[in-house]
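Structure of the sequence below:
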Amino acid sequence: MLAFNILKTRLSSQLKTQFRFASSSAKTLDPAKLTIRNGPVFNGLSFGSPKTVSGEAVFTTSLVGYPESMTDPSYRGQIICFTQPLIGNYGVPSGNARDEYTLLKYFESPNIQCVGIVVTDVALEYSHWTAVESLSAWCQREGVAAITGVDTRELVTYLREQGSSLARLSVGDDSSAEFYDPGLVNMVSKVTTKEPFHIPVKNAKHHVLVVDCGAKENILRCLVSRGAAITVVPYNYPIHKVADKFDGVFISNGPGDPIYCSETVENLKDLIKSQPDLPIMGICMGHQLLSLAAGAKTLKLKYGNRAHNIPTLDMTTGKCHITSQNHGYAVDATTLPSDYQEYFINLNDLSNEGMMHKERPIFSVQFHPEAKGGPLDSSFLFDKYFELLDKYKVSGKGKDLGDLSSKNLAGARVW
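The predicted model follows:
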């Protein structure tokens, strides 16, 4: 009976999708299917690029923010299943729009980072004042596969029970692609800037060195909007050799397994030893790398945490914050050395969400306090970091900034 109900639900979803597109003025969509390795096959219709792709199938329960999610470098190599039933109704904004800091206004990177998306129902028509094209047109232009008409409830149930799985999204009868595992590749090397670049700020108070492991544009915006000029360097840059020229170091988010960033971990170890008073903050991948440098270990979660409404507990205050998250790996808090303490924990699965040094200005979090999209409950962490920068400068150890506005290399990010 259970199998019959699942089949009935899946057929109902497909029939509704086919009827809606058949009764609209939209062009006929080609058949497509999502194949889980050693698992179920989901049939649907293709509304993206007519190609076959493979990667890790993951799901996000975020209700909004699909342009930001799809351009988030942390999703590199993955097939995203959106649990929100209708996706695409507010279209896609311009990828060329930039703010006063020359950062992308609506996207987290210039291009779509995931290899494919899975939805229950796609809106081929859209309405929003910032939109310039449909989700379908965007996926086709970017070469990203997309399938609609899938019972995402069944897919998510499978991923929750079996864990994030390798999958293949194919159009028509093409099933030539092998099951690609991004967990076996250094994904950070694919999204980091290839050359250092600088974003100046008028009357900058601080100069921060940012280690780019796949930094979201809004993370950079949260730094420069608070008055810090930033110099962004590749993930494996020897930061310990230049850190004495900066007021602080920041390690960004990024995709994949942190164990492939051994160069970054070694550089951070040398940095912590050579600059004991320098403020250091990490987010997401940055949290994992900083924890590895401190001596802790990381582990892969069964299906990860990807949502805009995950509760985390601040262990220092007892307060709960609703956070935006996107990660498949976590720090094993039991392996943190004695001079570090757990900062935040996840109230859903009790996994680690942050750590801090007991005496030195070093801390990191697994979630995204910049949250675009998502809640801004934890944005105070950027303010905390800037308070540490202020103290560092007041102590006489801060650097003479000079005219940082003259280092106008903004917009020179090389992907």
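
Need phi/psi at the one residue sitting closest to the centre of the chain.
To find the centre residue of the chain, average its C-alpha atoms and take the closest one (CA atoms, centre = their mean): that gives Ser74, at 3.5 Å. Main-chain torsions, Ser74, degrees, to the nearest 10: phi -70, psi -20.

what are the ranges of the helices in the protein?
Secondary structure of the chain by DSSP state H: the helices cover 2-22, 66-70, 135-142, 152-162, 188-191, 217-224, 262-274, 285-294, 380-394.

Considering the ones you listed, which stretch scores lowest in mean pLDDT?
In terms of average pLDDT, helix 2-22 trails the rest of the helices of the chain, at a mean of 51.

Leaving out sequence neighbours, find the closest residue to Asn305.
Here the nearest residue to Asn305 in space, its sequence neighbours aside, is Gln325; by CB to CB, 6 or more residues apart in numbering that works out to 4.4 Å. Heads up, the C-betas are built off the backbone N, CA and C, glycines and all.

about what we covered before: the helices of the chain: which one's closest to Val171?
In terms of CB to CB, the element of those nearest to Val171 is helix 135-142, at 11.5 Å.

residues of that closest one that come out buried?
Of the residues in helix 135-142, 135-140, 142 count as buried by neighbour count, 16 or more other CB atoms under 10 Å.

From the contact counts, what lies against that helix?
Packing contacts for helix 135-142, counted by 3 or more CB pairs under 8 Å, 6 or more residues apart in numbering; DSSP states H and E, involve strand 92-93, strand 145-148.

Direction included, what does the longest one pair against?
Translated: strand 145-148. Listed by DSSP bridges, the sheet partners of strand 145-148 and their directions read strand 41-46 (antiparallel), strand 116-118 (parallel).

what does that strand contact?
Counting by CB atoms under 8 Å, 6 or more residues apart in numbering, the neighbours of strand 145-148 from elsewhere in the structure are 17, 29, 32-34, 42, 44-49, 51-53, 115-122, 135-136, 139, 169, 171.

on that earlier part again, most tightly surrounded among the helices of the chain?
Taking mean count of other CB atoms under 10 Å as the contact definition, the stretch among these with the greatest mean neighbour count is helix 285-294, which reaches a mean of 28.

Alpha carbons only: can I get it in CSV?
Once non-C-alpha atoms are left out, helix 285-294 reads as follows in CSV (Å, rounded to 0.1, in the frame of the first residue of the first chain):
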residue,chain,number,x,y,z
MET,A,285,34.6,26.4,5.1
GLY,A,286,36.7,29.0,6.9
HIS,A,287,35.4,27.7,10.3
GLN,A,288,36.4,24.1,9.3
LEU,A,289,39.9,25.2,8.1
LEU,A,290,40.6,27.3,11.2
SER,A,291,39.5,24.4,13.4
LEU,A,292,41.8,22.0,11.5
ALA,A,293,44.6,24.4,12.0
ALA,A,294,43.8,24.5,15.7
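
What is the burial count for the nearest residue to Asn203 once chain neighbours are set aside?
If you skip the residues right next to it in sequence, Asn203 has Gly227 as its closest partner in space, 7.4 Å away by CB to CB, 6+ apart. The burial count assigned to Gly227 is 14, neighbours taken as other CB atoms under 10 Å.

Pro40 now?
In terms of burial, Pro40 registers 15 neighbours under the definition other CB under 10 Å.

That one: what's its closest spatial neighbour, skipping adjacent residues?
Spatially, and ignoring its direct neighbours in sequence, Pro40 is nearest to Tyr158 (6.3 Å; CB to CB, 6+ apart).

is it true that the one you found touches Leu34?
No - counting by CB atoms under 8 Å, no contact exists between Tyr158 and Leu34, whose distance comes to 10.9 Å.

The longest strand seen in the chain pairs with which strands, parallel or anti?
Ranked by residue count under DSSP state E, the longest strand found in the chain is strand 297-314. Using DSSP bridges, strand 297-314 pairs in its sheet with strand 320-332 (antiparallel), strand 340-346 (antiparallel).

Can you add distance to Ala57 and give these back as JSON lines?
Rendered in JSON lines, the data for the strands paired with strand 297-314 read as follows (distance: least, CB to CB, whole Å):
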{"stretch": "strand 320-332", "distance to Ala57": "11"}
{"stretch": "strand 340-346", "distance to Ala57": "22"}
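
In a markdown table, list those along with mean neighbour count and distance to Asn352.
Formatted as a markdown table, the entries for those read as follows, by neighbours: other CB atoms under 10 Å; distance: least, CB to CB, whole Å:
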| stretch | mean neighbour count | distance to Asn352 |
| --- | --- | --- |
| strand 320-332 | 22 | 5 |
| strand 340-346 | 21 | 6 |
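
Can I get the ones you listed in TSV including distance to Glu387 and mean pLDDT?
As requested, the strands paired with strand 297-314 are arranged in TSV below (distance: least, CB to CB, whole Å; pLDDT from 0 to 100):
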stretch	distance to Glu387	mean pLDDT
strand 320-332	18	98
strand 340-346	16	99
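
Val188: which of those strands is closest?
With respect to Val188, and counting by CB to CB, the nearest of those is strand 320-332 at 12.0 Å.

and Tyr392, what does it touch?
247-248, 277-279, 361, 398.

ok, back up a step: quick check: mean pLDDT of the longest strand of the chain?
Confidence over strand 297-314 (mean pLDDT, whole number) is 98.
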